[in-house]
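Enquirer: The following comprises the amino acid sequence and a computationally predicted model.
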Amino acid sequence: WIEIFFKSVQFNITPISVADNFRRFQENNDTAWIFTSATLAVNSSFDHFQSLMGLENAKTKLLKSPFNYSKNAYLYVPKEMPETSSRLFNIHLVSQIYPLIVAAKGRSFILSTSIKSMNEITTLLKDEFKKNNISYPILTQGSGSKTKILEQFKVHGNAILIGSLSFWEGVDVRGSNLSLVIIDKLPFQSPGDPIFESKINMLSAKGINAFMTFQLPKAVISLKQGAGRLIRDEMDKGVLMICDLRIINKPYGKRIWRSLPAFKRTRDENEVIDFLKRL
């Protein structure tokens, strides 16, 4: 595949699948292989990861989280949101998240699936804060290094951090500084990516449902990573808000939320606001 820049063209070669190569690597190295992560399973199954890596005969074990999600955390999906493709989506999103951010006294992550949406949400939220004379700091990805932005978030104690996919993983904020994680849309990868598109075409050519076996599991794993920013130890409490109604309305939605930790689920805004005010 080719990338075209202002003064150059870059040619790339990337394997569509590493399964065969890794399987041969295993056969040539007589040793034990252990894969462990909080986001390997999709709906309690390791099939997706095993397929990607060529691990046909692997022994698997799914361990329950030590965190009490049903007591300490809510999964909240608003009752009314437009289609994710709507040009008014972010306007409605900000109107839905604003009361929760105020109830949480800031202390929020807003995780977006695109840079464009991230910037639009930042502008709209700043306007809403100005209109209502709210002074919580808003930190946006790109205003500094990832490390610096996280340090500022922790120092302020009442800030809102708005980031795209680089903030969905590898971010650890424990304690009362973070009580609300908001995810704008389910993180389905753009089919325009050449490697992603090639994998979809390869599966389709084999008569395999690429959406159910590849696109959906990949989105679920990314969502689990984003959701994992909220509860980082046994004492943490908070709310995960997902603003994409496909998690409720689509047939595959159940597979998505069943893959998440055992949050207490609700669609009652007042219930969530009362919970946040007590944190």
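Expert: The structure has been received and is ready for your questions.
Enquirer: and the helix ranked longest in the chain, what's its mean pLDDT?
Expert: Ranked by number of residues, the top helix in the chain under DSSP state H is helix 115-131. Over the span of helix 115-131, the pLDDT mean works out to 97.
Enquirer: Who are the packing partners of it?
Expert: Packed against helix 115-131 by the contact rule (3 or more CB pairs under 8 Å, 6 or more residues apart in numbering; DSSP states H and E) you find helix 89-103, strand 108-111, strand 138-140, strand 160-163. Placement of C-beta: from N, CA and C, glycine included.
Enquirer: can you pull the pLDDT of the residue nearest to Met202 when sequence neighbours are not counted?
Expert: Here the nearest residue to Met202 in space, its sequence neighbours aside, is Ile16; by CB to CB, 6 or more residues apart in numbering that works out to 5.5 Å. Residue-level confidence at Ile16 comes out at 86, pLDDT.
Enquirer: what do you get for Arg232?
Expert: Arg232 is assigned 92 on the pLDDT scale.
Enquirer: for this structure, what spans make up the helices?
Expert: Counting by DSSP H, the chain has these helices, from start to end: 19-27, 47-53, 69-72, 89-103, 115-131, 146-156, 194-205, 210, 216-227, 246-249, 253-257, 269-277.
Enquirer: Okay, buried residues for the fourth one please.
Expert: The neighbour-count check on helix 89-103 (16 or more other CB atoms under 10 Å) flags 89-90, 93-94, 96-98, 100-103 as buried.
Enquirer: In JSON lines: those, plus distance to Ser8.
Expert: Formatted as JSON lines, the entries for the buried residues of helix 89-103 read as follows, by distance: CB to CB, whole Å:
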{"residue": "Phe89", "distance to Ser8": "36"}
{"residue": "Asn90", "distance to Ser8": "35"}
{"residue": "Leu93", "distance to Ser8": "38"}
{"residue": "Val94", "distance to Ser8": "40"}
{"residue": "Gln96", "distance to Ser8": "44"}
{"residue": "Ile97", "distance to Ser8": "41"}
{"residue": "Tyr98", "distance to Ser8": "45"}
{"residue": "Leu100", "distance to Ser8": "46"}
{"residue": "Ile101", "distance to Ser8": "44"}
{"residue": "Val102", "distance to Ser8": "48"}
{"residue": "Ala103", "distance to Ser8": "50"}
